[in-house]
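>>> I would like to see how this sequence folds:
(chains A, B, C and D)
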4 protein chains.
Amino acid sequence: MTKGIKIATIGGGSSYTPELVEGFIKRYDEFPVSELWLVDIEAGKEKLEIVGNFAKRMIEKAGLPIEVHLTLDRRAALKDADFVTTQFRVGLLDARATDESIPLKYGVLGQETNGPGGLFKGLRTIPVILDICKDMEELCPNAWLINFTNPAGMVTEAVLRYSNIKKVVGLCNVPIGMEMGIAKLLDVDHSRIRIDFAGLNHMVYGLDVYVDGESVKEEVIEKLSDPENSSFVKNIDGMGWEPEFIQSLYAITCPYHMYYYKSKEMLDKAIESSKTEGTRAEVVQQLENDLFELYKDENLNIKPPQLEERGGAYYSDAAVRLITSIYNDKRDIQPVNTMNRGAIASIPDESAVEISCVITKDGPIPLVMGDLPVAARGLVQQIKSFERIAAEAAVTGDYNKAVLALTINPLTPSDAIAKQIVDEMMEAHKDYLPQFFEKEVII
Amino acid sequence: MTKGIKIATIGGGSSYTPELVEGFIKRYDEFPVSELWLVDIEAGKEKLEIVGNFAKRMIEKAGLPIEVHLTLDRRAALKDADFVTTQFRVGLLDARATDESIPLKYGVLGQETNGPGGLFKGLRTIPVILDICKDMEELCPNAWLINFTNPAGMVTEAVLRYSNIKKVVGLCNVPIGMEMGIAKLLDVDHSRIRIDFAGLNHMVYGLDVYVDGESVKEEVIEKLSDPENSSFVKNIDGMGWEPEFIQSLYAITCPYHMYYYKSKEMLDKAIESSKTEGTRAEVVQQLENDLFELYKDENLNIKPPQLEERGGAYYSDAAVRLITSIYNDKRDIQPVNTMNRGAIASIPDESAVEISCVITKDGPIPLVMGDLPVAARGLVQQIKSFERIAAEAAVTGDYNKAVLALTINPLTPSDAIAKQIVDEMMEAHKDYLPQFFEKEVII
Amino acid sequence: MTKGIKIATIGGGSSYTPELVEGFIKRYDEFPVSELWLVDIEAGKEKLEIVGNFAKRMIEKAGLPIEVHLTLDRRAALKDADFVTTQFRVGLLDARATDESIPLKYGVLGQETNGPGGLFKGLRTIPVILDICKDMEELCPNAWLINFTNPAGMVTEAVLRYSNIKKVVGLCNVPIGMEMGIAKLLDVDHSRIRIDFAGLNHMVYGLDVYVDGESVKEEVIEKLSDPENSSFVKNIDGMGWEPEFIQSLYAITCPYHMYYYKSKEMLDKAIESSKTEGTRAEVVQQLENDLFELYKDENLNIKPPQLEERGGAYYSDAAVRLITSIYNDKRDIQPVNTMNRGAIASIPDESAVEISCVITKDGPIPLVMGDLPVAARGLVQQIKSFERIAAEAAVTGDYNKAVLALTINPLTPSDAIAKQIVDEMMEAHKDYLPQFFEKEVII
Amino acid sequence: MTKGIKIATIGGGSSYTPELVEGFIKRYDEFPVSELWLVDIEAGKEKLEIVGNFAKRMIEKAGLPIEVHLTLDRRAALKDADFVTTQFRVGLLDARATDESIPLKYGVLGQETNGPGGLFKGLRTIPVILDICKDMEELCPNAWLINFTNPAGMVTEAVLRYSNIKKVVGLCNVPIGMEMGIAKLLDVDHSRIRIDFAGLNHMVYGLDVYVDGESVKEEVIEKLSDPENSSFVKNIDGMGWEPEFIQSLYAITCPYHMYYYKSKEMLDKAIESSKTEGTRAEVVQQLENDLFELYKDENLNIKPPQLEERGGAYYSDAAVRLITSIYNDKRDIQPVNTMNRGAIASIPDESAVEISCVITKDGPIPLVMGDLPVAARGLVQQIKSFERIAAEAAVTGDYNKAVLALTINPLTPSDAIAKQIVDEMMEAHKDYLPQFFEKEVII
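Numbering: from 1, shown residues only, chains lettered A, B, ... in the order given. Predicted coordinates for the structure are as follows:
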């Protein structure tokens, strides 16, 4: 790669982009990016320009020779790229608002990576990511695809099963957030913490946790039994686990476990806040508007602290840490979404899992984690089945599979309600779901 | 076995006993029972006498040389038995009423094999069955234990994992009921139907269905898509599946799947009927009282048709069919609960599954069923985890495990509600749960 | 199948055909064949006529309405067939003689299902059987393919992996011979014996053995420890196992195990007999010539007893028993070669295994056999790898794979000797191995 | 570990000890040993003193505060040790000579980690190592056991299955030798090479090989096809693979693969050299004598270059590299023998494998390697079965199991020869095999 590193970022107009740019700046010494191509679609053109110009100011301020290209031409951006990062949102935040509000009418949580919200975000996103993969095969067959787009587990599953791109990694800030949270809980520096991660995206467990290599799991579980301590990332309000539950589960949970082990409370809270402060989508929309106002400021040339409120904390760190390790064959341990290959006993070999891996130039190699705790296996299997059938529905446009996927999702109370929600959401997202309406099949 | 066959029936005072007796009478030619020992506990003495005397009249009427013994001395009954059948109910129907009514107060279904009801029935039953196993090791080590006591899956799991009795089979009338139901649906004789059963007790799927050996699965799924046809056994009222759901699931469901794929509707119905007609336990209590009134009639000497209302239809047939096949090394195919040993890919080898087996003198040998449908794996895994942790709680008296088991049960909406229910039910069933209160550990 | 059953027998001119005909006659009541098509190639025309006319006389004598057709037109025979049986030999017995004599020059056993002999028989046979499968797809897509052609394991593996015919069963007389042998050893009728078979073709183990359903394994192992008792089928001379070995292996061996657990003795014997009585191929050639002389006798109309000398004893019984059970959905237990699907833990799911199955109209369903004995796993795995790589060589014409297959075969002492043998045999069988010489690839 | 690090080296009088001492000296900065206890038995006292005094001189010359203790009291050495290394040889080199010479009489290779030699070295060693484990449980339960004693795979298997010591790692210099050899082959520095190792001790394959993280497998296989390049470690003379074989195997072999893929040539060579230069044991004995002469020299205070001739090259590096990484939680990748836990698909989860691991303070975590190449599975499975049954024989003293283990070893030509060899070797090693003669059972 003597030619310098070329990055293509699909969804480059995202409010997260400054995080990524900050990451590239910080690690420039070991990861010298020469070109950063920010791509977006027509509808995102204005945001792309705002955030792109801000990125240019950040780089100028840092005094680095990184060219920033803003473009609506995805193929130009992909051409000869070394790394492709994806952080786009099909249908923008409006679609998220729909994902969240329709299910609530039926008494079902519609969070954008779980339940109906996750299903429909997947149905909209998967055809687009598979299309990007096809372009990559042609334009940059040796590039790594680093996907941040949610639902990251389902999207990675779809790429692994339905595309020819094998150099794909799904990335999420949840595991790094758990590390940060536990570091804070134990009052030690983050760098001293290591967690044995195993599970699925937004359904990952910490099987053990170490400080300087010594297990402190017992202490951590003890602290998690104290209801004050159970919240790790900012976008899910903290509710404590019942001590009896967490002590006998004896594993570190992730914030999204709240949706499954506290379904009722989370649903009640979602209904409550939809009445008072609007859906999460609406809250985020306001945050985003504020951020873009900031980004417009021509004097701003460093990442503003408000970005961390957005919920994407640590994305920059996680993403650039991963890419840098691949580039430099670092062989450090990082949790990512990759093909299981037997690392977790109860999940199909060829499915995506979120797991601690050694990161090499050849990609992530999962560490052997053995079997999940007995109590965790069912839920993980259930979400994996949901992801697989949802991905199948997304590529085939099979409406029945969409109903099936939602029915088996643990947040859905019945096949009849699943069907009603699918019907209403299918109609609402019609423009982004051509595979169901035009009967064009992707694979 | 030239000495003649000795049967010991634990819980012999059950209203089901006449079913069993009828079965022995019908198959006497190929399965010549010489002694039938009906055992019960002090509290069931009166019922034992009523049903025992009725059994004697049935045998007399049939003109067969079967001795019927009525006893409260379990060890005497077990001594040198060839087959031990178990159909007892710890805490009698009062306990079932409690199992069903307490959860409803928390908005949770408390059916006696699912959710909190199943959990507590297991916690009460498992110590007793393991105690029977210990007696068997001493008194009749070569006997087969045929368990009908619910929750049959959890109980069989416990025997496989925590006792030294390896000759155990769990039996349920659900599969035979499904065969009967499909025979009726297709208007063919029951004997021409074969279903490839795979799954767990009360969570079993028909992976294929044959008439005279030819698959008719497509036709059956088609008929199941018609809401009129979806109910197979009498104790769950028929509600139809959404056609989209059942067609894409593409497997034959069992009646208890209603609790999981139609949780909301089943819960609503349970709440409704608890107000109008009382819990299922109360309904059954009335049925039982009526049956025992009938049994008292000294002129009655054949099984009364009212018994079939009780919900135990086909038990006689299933039970005696199984025992007869073992005795005669028949090698016919029957669905039973037995050790998995790799027959179903996603379930631990050493766990109990409900599966089509060849029945030999050496016991059931599962037919290879491969992997369950993707959509079914999660739920099956979840119930298996629930059964395993519940069984562990039952033998260790670990209160935290009981909370964990209930939290991961798909019918439970949160860890907090799980704990509240466990607390109230633990108190209500105190007398039958010494392992939790006396801290005596079974294994 | 009201039209009557049509059988197509490829390699119909084989000396075994009268066995098959006798089987059809005996079981006519439950399996009413209406047409038997015997197919052969130009080079086998004379034998086809001799054996075909003899078959007609047998049927006439039995007074049954079975039409016998003799043809060189394979497609006419396959058209609308219900069962296709294959018992052909590419290159006739001359090829077998070559298979056996060349390896001996290098000090290697060249038995026709093991070592170099098995490899080259497979390389010659697999393209032909895959060609038959292609015709079947077109001409009789619902027919069952019952393959007797050796090496039956490798051939079944190839059909499972490289053809679209899924209704295939590989059949061998070794398991039935083991049952017969043990029946004789125990002096009980064959019908009372059941063996739990698991392994590969010509590498099958009896994991347990029952008389009337009761295990007699201990007694059988005891008897096998007596050197006098260890031979079960006629074509391998009896040499006894070391008692220490068979007692700690604690499984019933098949005659071909001699090649692996007594390699040296078997090799010495082969070298010895090649000097005195010629190779087995030469012996068999003589037997065949004698048989055809008998078959020519227009007065002969029943199977002559000399046929049993040929080594194919019980083929008739095994083959017709299998076909009859499929036709009648008998659900009895028979050992056949079929897809593993998890039945034997250490073998790939999609590979062919030889295993006890329930025979249904829908085909064989393997019984779960769990894990093989630790001592047996390596050898079985090794032969399976040999079969897989040999099959791959056969379909791709990859010469290196042929060398690899032979090198990993346990009978081969080194890669260098493997290469020498492959080179000489490849040249000798040139006419039957177009895939290696014309570089035409089959799949 | 503020108290300083205590090392106990069992078999401290070995000629390898200076290697180890050199390692500790070189890495003192990151691994500050305070006490090194060299333990030996009465028979090794003189060698212990020679090598111990030499060790003291080496440390003195390096100017480091490491105390060296020489003792025959194993318990004193183990007391509170942090790391226990084992490099003892039960029966000394005389036993090795016996291991090698007896089998040759029967035409069988008796190398000390393969075939009869490996079996009997295991039978002698396993009871001793299990005894050490018992002492460790009592005296240093938190210590790591680092075993170098051959056959390292069988010994590690035995510790994993039959002791309570779970902190055990088996170490071998073969993988590091392969890395060195390939570095030389490619003419790059060793530090730039990484191999994905998977298999068993002395039966390990390189599944891929990287220079600076980029795969160079194709180039390496190409070079290995050139007969000049196939030898990697000094104690097996180089014979090249047949190019067809290695190219279609498409994996990096280890030197010991010669015994299996070139059995005949290796046997011929062993017979030849036993006539001319004596067995390998005799050659080594001479080398050792020479080394001890050198060690006696009071002016010698650095490791003499002649030690590398001994065949143990890189032991120091491999051993101290491993221990240092555990101590410092380095999380680098090293190939060691550890519990499989699903890392290699075709080997039991609880068996020892030799595999690339991340080395943490908590021990090695295997990297997921998926399935072995089809061609490699059989041999690996066979050696694993051999190791397991040999280990079982070693702990139970079951003579039949010893015969079984040797019969299934691929180097053994028949059960009869296996028995003859076992009988003669059992007698020859009688003094070191009390479990077979005194019928005292270890577990």
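>>> show me how far the worst-scoring helix or strand of chain A on mean pLDDT is from its chain's centre.
Lowest by mean pLDDT, DSSP states H and E among the helices and strands of chain A is helix A:280-296, with a mean of 85. Distance of helix A:280-296 from the chain centroid (Cα atoms, centre = their mean, to the nearest Å) equals 19 Å.
>>> what packs against it?
Helix A:280-296 is packed against helix A:45-62, helix A:92-105, with contacts defined by 3 or more Cβ pairs under 8 Å, 6 or more residues apart in numbering or on different chains; DSSP states H and E. (Glycine included, C-beta is placed from N, CA and C.)
>>> relative to chain D, which of those is closest?
Among the helices and strands packed on helix A:280-296, the nearest to chain D by Cβ to the nearest Cβ is helix A:45-62 (27.6 Å).
>>> now the following helix or strand past the closest one: buried residues?
Note on helix A:45-62: by DSSP states H and E, the next helix or strand toward the C-terminus is strand A:67-71. By 16 or more other Cβ atoms under 10 Å in any protein chain shown, the buried positions in strand A:67-71 come out as A:68, A:69, A:70, A:71.
>>> would you list the residues you listed in a markdown table and tack on pLDDT and distance to residue D:358?
Shown next, in a markdown table, are the buried residues of strand A:67-71 (pLDDT from 0 to 100; distance: Cβ to Cβ, whole Å):
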| residue | pLDDT | distance to residue D:358 |
| --- | --- | --- |
| A:68 | 97 | 37 |
| A:69 | 98 | 38 |
| A:70 | 98 | 41 |
| A:71 | 98 | 40 |
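>>> coming back round to it: packing partners for the helix or strand that the least confident helix or strand of chain A is followed by?
Using DSSP H and E, the helix or strand that follows helix A:280-296 in sequence is helix A:315-328. Here helix A:315-328 touches helix A:17-26, strand A:83-86, strand A:144-147, helix A:174-186, strand A:332-339, strand A:352-360, going by 3+ Cβ pairs under 8 Å, 6+ apart.
>>> which of the helices or strands spans residue A:209?
Assigned by DSSP H and E, residue A:209 falls within strand A:203-211.
>>> what is the orientation angle of that strand with helix A:174-186?
Put simply, strand A:203-211 runs at 40 degrees to helix A:174-186, going by axes from the mean of the first three to the mean of the last three Cα atoms, to 10 degrees.
>>> what are the contacting residues of strand A:203-211?
For strand A:203-211, the external contacting residues (Cβ atoms under 8 Å, 6 or more residues apart in numbering or on different chains) are A:153, A:174-175, A:178, A:182, A:186, A:188, A:192-199, A:215-217, A:220, A:251-254, A:256-257, A:260, A:335, A:354, A:369, A:372-373, A:376, A:379-380, A:383, D:329, D:360-362.
>>> following that strand, which helix or strand shows up next?
Counting by DSSP H and E, the next helix or strand C-terminal to strand A:203-211 is strand A:214-215.
>>> sheet-wise, list the partners of that following strand with their directions.
Based on DSSP bridges, the pairing partners of strand A:214-215 within the sheet are strand A:203-211 (antiparallel).
>>> and the longest helix seen in chain A, what's buried?
Longest helix of chain A, by residue count under DSSP state H: helix A:115-139. Using 16+ other Cβ under 10 Å as the test for burial, helix A:115-139 gives A:115-130, A:132-133, A:135-136, A:139.
>>> right, I'll leave it there.
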